[in-house]
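Participant: No letters, just coordinates:
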């Protein structure tokens, strides 16, 4: 169960630069391609001629040409032409609201009439001279909510990521969860700790000593349908912690766009936007590689957790204080699902 | 849904020369082996003793010996002997009408009483001094009718095989479909065109210039249950096209025997019989390699098309004039299926 | 269908020495680990916090620490502690009676109240100066009873293992099956035969000539739930066969502990305990390698037999005299299953 009336990240722009991309988003099989003037378009990945996947074709003059028999599909899901055929009577396929923004392709898999591009969440770090970004994509066989839980409860870093970003103080320091409208925030501030290896690397990346005590913070923010942005960083002790001037800290945002593929699988777009030394491309690559390695440590855990939950469907899981970020996020998701259900019933 | 009262190609002879072969044909699990005097036999791949697959055994004096406990199975599905056992009371397994002919092993998976070896379709090119043949076998996860559609509508060559046999004139030249009894023919004649790369190779193979205009033809013939033979070729312009003397053309038959394994998978026996330069074995190998590469380009398309059709079972596909070969072939198959259904009901 | 109130081999000790082990036994997902003082413990592989697999965690001071958020699980299935949490109210998970004995980890997947460690079958060869043991573990996709059948009817050696331990005299010599309580014995004595290759190797391993006639024996003993111990060996002709003094024979026990994973898959713990030249570790390695190769020859047969039986569920298999060992073993198993069923009904 996932909300469908929402903007989800479907791809990164480079994935559709060379050829069309077939990807399932919230159960919808979609072909993404660059239409006229390179503007992204999204239609059902199903040729109305014989059901071939349109994503195996190519783009010609802004039309998506089916790679089987040459039907030319328009961005609106209507057949434009086909060699030797009259196409007026051809059935249309669905097209989806889609937008390239902030370095991602966003798609709205639900009711197109409700899609408002103004609600695509603004990413302040994008294309900004003080920021640099690097990221990647994982496919994980788990319910998207398990990934939200994961990201809203960072005590798991102590265990899953013990050699990079974990440290015992995460477990020892209580977090605080607050809800503001549909935003859930879980924050933890750890003062006067030793930076773990990943943050030593980040400090050096900002030309700061890595062998001194730091204040560390983690501020996880969930916004619907399934975006989690985490403000993370460390500051040299005694300069104000989170509020320290940039020259005394390494400050980043962990970017997590979690897109359901099916009920039990996700496309996980992860990355890190950092607000220090933004022009150092080698640093971007190093951080990206480190983060990719860290995030890959979650995969086996999430996939086996998913299998366990499917095997024991009746078990009630605990909802501890460390889980409150995920719990609150699920309440907001449940509300969205109920609203979609009500709207669907009203229509029917 | 596939007709079972029909001859299907099950294997090539070399596949059973060394040891038995287990293969599923139209849902029937069959063990093929060489019985007395090397004559092919086919029995259920299920040992009446403990259900072991007989195909894992070996042949001894014309009997198929189970590789588990040594039961000797005869060509008729009756147990001949077993060490230390009286076998008269052993239950028989099915045997299947089977025949080695024209370089293939043919099997009749349906009612054995209806099998008439005289109806195995004659292959004029087989063992004929003017012809040479090379071919191969693909396993494809699609309904056998999708492959028939594929072969009866060669406009797909323009898209799927654009670098080898495709050319825009295929799309531009209408084809004509005719039905004669249970034979469906879809023919296309393209005059005065440039030969695409594969046909340049064939022209050179017949010691003909490859840089001159040619007349090209494609005459696809479906016969039940799922055989498609395609007369293909090019002739130097001005010598009569399809009717040109052999020394001015490169003329071949594409051989396609499509054997259902399950409802959604096939054994696809493909090949090319050429009527030029038949003794040149290197040419046979070159053509076989080229054709194998070309035909492998269809696999992903067919398998994803099949997945699409399973995901959207209610969608009606279009039936354009280019599809009429496949459409007419399906009508003939539907008639066979109805007849089998009627016969089965009458028996019950 | 497998008895659950029984001791099954779950693992070898080395599998849990370094880290916990997750393994499914009779449908139960179990995490095995070394608790206080290294004593083996077994609990459900499901963290009561969020359902993570406990086997991905680590052991700390005798507790199994969940690798996701640090819950400390005790050997009894009760949560001992968790950072920052009160755990008294946490739901317990199942723990399983488990014991390390005779070089294996044994588990009781059924009703713990019925588990009596005294009923773990004694292995006389274990840690005995006159014996040496080597073995391994295979995962096979078949019902555990197919493996019992396999081991209680060694006529298959003639066919499956023709190049190592098979010989025609196995087929030619009748076996005799007897039942004593819940023990089924199928014995075969072959006098004055040529030793097959594996037994030549064993004779040489005991510094005996391998080119002389031998008496050979195979005494298969099934005990519930699914253990098959086979006394095997050869003695130089004229010294009393099975009863010959040790210096004239090569005598071993084939050890087979067959543990159901699911209805159609097993963990197969195989090995050989030999009562000759026990200090020769190179010989142990050679025999282990040879036996592993021989036993791997059964895998494809068993897995395809299982597929055949699933495909033809209504077929009655034959029960010949050679099958009587397996038939009698299944009767004992059926009785255990009926008793468990009766007990379960009485409770309900």
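Facilitator: Nice, I can see it. Here the structure is a predicted model, which is why all the values come from computation and not from measurement.
Participant: pLDDT on stretch A:330-343, on average?
Facilitator: Throughout stretch A:330-343, pLDDT has a mean value of 95.
Participant: actually stretch A:208-226, not the one I typed
Facilitator: 98.
Participant: Can you point out the buried residues in that stretch?
Facilitator: Buried residues in stretch A:208-226, counted by 16 or more other Cβ atoms under 10 Å in any protein chain shown: A:208, A:210, A:214-226. In this view, the C-beta of every residue, glycine as well, is placed from N, C-alpha and C.
Participant: mind listing the helices for the stretch 201-348 of chain A?
Facilitator: A:281-311, A:324-347 (DSSP state H, counting those that start in this stretch).
Participant: right, so of those helices, which gets closest to chain C?
Facilitator: helix A:281-311 (4.4 Å; Cβ to the nearest Cβ).
Participant: Please see if that closest one touches chain C.
Facilitator: Yes - legend: contact between helix A:281-311 and chain C by Cβ under 8 Å from any Cβ of the partner chain is shown at A:300, A:301, A:304, A:305, A:308, A:309, A:311.
Participant: and those as a markdown table, adding neighbour count and pLDDT?
Facilitator: Formatted as a markdown table, the residues of helix A:281-311 next to chain C follow (neighbours: other Cβ atoms under 10 Å in any protein chain shown; pLDDT from 0 to 100):
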| residue | neighbour count | pLDDT |
| --- | --- | --- |
| A:300 | 14 | 95 |
| A:301 | 23 | 96 |
| A:304 | 21 | 97 |
| A:305 | 25 | 97 |
| A:308 | 20 | 97 |
| A:309 | 19 | 97 |
| A:311 | 14 | 96 |
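Participant: Could you export these as CSV, including distance to residue C:192?
Facilitator: Formatted as CSV, the residues of helix A:281-311 next to chain C follow (distance: Cβ to Cβ, whole Å):
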residue, distance to residue C:192
A:300, 58
A:301, 62
A:304, 57
A:305, 62
A:308, 59
A:309, 63
A:311, 56
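Participant: Of the helices of the stretch 201-348 of chain A, which stretch is the most buried?
Facilitator: Greatest average neighbour count among those goes to helix A:281-311 (a mean of 17), per mean count of other Cβ atoms under 10 Å in any protein chain shown.
Participant: Can you flag the residue of chain A lying furthest from its geometric centre?
Facilitator: Computed with Cα atoms, centre = their mean, the residue of chain A farthest from its C-alpha average is residue A:84, at 43.4 Å.
Participant: residues contacting it?
Facilitator: Taking Cβ atoms under 8 Å, 6 or more residues apart in numbering or on different chains, we find residue A:84 in contact with B:171, B:172, B:174, B:321, B:322.
Participant: returning to what we had before: closest to residue C:156 out of the helices of the stretch 201-348 of chain A?
Facilitator: Taking Cβ to Cβ, helix A:281-311 is the member of the helices of the stretch 201-348 of chain A nearest to residue C:156, at 35.4 Å.
Participant: Tell me how far the closest one lies from the chain's centre.
Facilitator: In this view, helix A:281-311 has its centroid 13 Å away from the chain centroid, taken as Cα atoms, centre = their mean, to the nearest Å.
Participant: now stretch A:66-83
Facilitator: 31 Å.
Participant: And the contacts of it?
Facilitator: Contacts to stretch A:66-83, defined as Cβ under 8 Å, 6+ apart, come from residues A:35-36, A:39, A:41, A:43-44, A:47-50, A:52, A:54, A:56-58, A:60, A:62-65, A:87, A:90, A:92-95, B:153, B:155-156, B:158-160, B:171-172, B:301, B:305, B:320, B:322.
Participant: For chain C, what's its nearest residue on chain A.
Facilitator: Closest contact between chain A and chain C, by Cβ to the nearest Cβ, is at residue A:171 (3.7 Å).
Participant: Just to be sure, that residue is in a helix?
Facilitator: Yes - looking at residue A:171 with DSSP: H, G, I helix; E, B strand; the rest coil, it is inside a helix.
Participant: does the closest residue to it other than its chain neighbours sit in a helix or strand, and which one?
Facilitator: Using Cβ to Cβ, 6 or more residues apart in numbering or on different chains and skipping the chain neighbours, the partner closest in space to residue A:171 is residue C:83 (3.7 Å). Using DSSP states H and E, no element contains residue C:83; it sits outside every helix and strand.
Participant: Check residue A:179 and give its pLDDT.
Facilitator: Looking at residue A:179, its pLDDT is 98.
Participant: Then the one 5 residues further on?
Facilitator: In this prediction, residue A:184 carries a pLDDT score of 98.
Participant: now check the strand or helix carrying it, is it near chain C?
Facilitator: Using DSSP H and E, residue A:184 sits within strand A:183-193. No - if you take Cβ under 8 Å from any Cβ as the test, strand A:183-193 misses chain C, and the best it gets is 11.3 Å.
Participant: Show the secondary-structure elements that that strand is packed against.
Facilitator: Using 3 or more Cβ pairs under 8 Å, 6 or more residues apart in numbering or on different chains; DSSP states H and E as the contact test, the elements touching strand A:183-193 are helix A:168-172, strand A:176-180, strand A:214-223, helix A:324-347.
Participant: Just list whatever residues bridge to the residue minimising distance to the centre of chain A.
Facilitator: In chain A, the centroid-proximal residue (Cα atoms, centre = their mean) is residue A:257; its distance is 1.0 Å. Residue A:257 has these beta-bridge partners by DSSP bridges: residue A:227, residue A:269.
Participant: need the contact list for it.
Facilitator: When contacts are counted by Cβ under 8 Å, 6+ apart, residue A:257 touches A:8, A:9, A:104, A:226, A:227, A:268, A:269, A:270.
Participant: And the contacts of residue A:84, which of them are buried?
Facilitator: Buried residues within the contacts of residue A:84, defined by neighbour count using 16+ other Cβ under 10 Å: B:171, B:322.
Participant: and the two most separated of the contacts of residue A:84?
Facilitator: B:172 and B:321 (13.6 Å).
Participant: Spatially nearest residue to residue A:288 (excluding sequence neighbours)?
Facilitator: In space, residue A:288 is closest to residue A:134, 3.4 Å off (Cβ to Cβ, 6+ apart).
Participant: Show the secondary-structure elements that the helix or strand where that neighbour lies is packed against.
Facilitator: Under the criterion of DSSP H and E, residue A:134 resides in strand A:132-140. Strand A:132-140 sits against strand A:249-262, strand A:265-274, helix A:281-311, with contacts defined as 3+ Cβ pairs under 8 Å, 6+ apart.
Participant: go again using 7 Å as the cut-off
Facilitator: strand A:265-274, helix A:281-311 (3 or more Cβ pairs under 7 Å, 6 or more residues apart in numbering or on different chains; DSSP states H and E).
Participant: From the contacts of stretch A:66-83, which land in strands?
Facilitator: Among those, the members found in strands (DSSP state E) are A:41, A:43, A:44, A:58, A:60, A:63, A:64, A:65.
Participant: In the beta-sheet assignment, what are the partners of the first one?
Facilitator: Beta-bridge partners for residue A:41, by DSSP bridges, are residue A:33.
Participant: Might one say that it is in contact with residue A:35?
Facilitator: Yes - using Cβ atoms under 7 Å, residue A:41 is in contact with residue A:35, at 4.0 Å.
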